[in-house]
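*Asks:* Predicted coordinates and the sequence they were generated for:
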Amino acid sequence: MAVRSLPSPKRYAQAIFQIALEQGNLDGWLQELQGLFDITRQGSVATLLGAPGPTLQEKLEAIEEISPDTEPFARRLLALLAYRRAVGALPLVIREYQALVDGYRSVQRVELTSAIPLDQEDKERIAKQLADALANEVRLQVRIDQSILGGLIIRVGDRLIDGSVRSQLESLRRNLVESAP
């Protein structure tokens, strides 16, 4: 069987988002999608979903048997992805769906990298400053990376603000090299 073309994960996410909006269940659908992802990580299920032989209906029946409490549309989505041999796109669908929900709720996800662990007070202060600057609610994801030496690196979407000591030292080194006789 030839592999069928797969619409972009964003199109799947948009369809799910519309259904979730109509149902008034944005968070529930995020849980459903995460549940689907968890199902795909089970060894025997992953083998079944990746197998080229079973028909769409057979995969749907197997998924219904494995997860009877899952939303029927969510089961059909997983069966369709399995039939198209594109279950690997599910994390991208989840990420796109989360972005749509965040946009709808005016939430901005920010990745903050620090050289040292930050206490809760620091995280709240930084989140408030970013929320004021971005005019959105901010959800911080904090990472620790000792290689930046000090300061912070802030990533908002595709924007990067690098206030790390490492980048400042690299900039100073470049300036010294460029100005050397």
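*Replies:* Yep, it's here. Numbering: from 1, shown residues only.
*Asks:* ok, the residue most central in space within the chain - contacts?
*Replies:* In the chain, the centroid-proximal residue (Cα atoms, centre = their mean) is Arg95; its distance is 3.3 Å. With contact taken as Cβ atoms under 8 Å, 6 or more residues apart in numbering, Arg95 is in contact with Pro9. Quick note: C-beta positions are derived from backbone N, CA and C, even for glycine.
*Asks:* A helix includes it, no?
*Replies:* Yes. Counting by DSSP: H, G, I helix; E, B strand; the rest coil, one finds Arg95 located in a helix.
*Asks:* Would you mind measuring from it to Val45?
*Replies:* Counting by Cβ to Cβ, to the nearest Å, the gap from Arg95 to Val45 is 21 Å.
*Asks:* can you count the residues close to Ser171?
*Replies:* Neighbour count for Ser171, taken as other Cβ atoms under 10 Å: 11.
*Asks:* Determine the three-state secondary structure at it.
*Replies:* Ser171 ends up helix, using three-state DSSP.
*Asks:* Could you report the distance from it to Leu160?
*Replies:* Counting by Cβ to Cβ, the gap from Ser171 to Leu160 is 14 Å.
*Asks:* can you check Ala46 too?
*Replies:* Ala46 sits 35 Å away from Leu160, taking Cβ to Cβ as the criterion.
*Asks:* Neighbour count for those two, which is higher?
*Replies:* Set side by side, Ala46 and Leu160 show more neighbours around Ala46, with 14 against 10, by other Cβ under 10 Å.
*Asks:* Nearest residue to that one in space, please, no chain neighbours.
*Replies:* Spatial nearest neighbour of Ala46, excluding adjacent residues (Cβ to Cβ, 6 or more residues apart in numbering): Thr40 at 5.9 Å.
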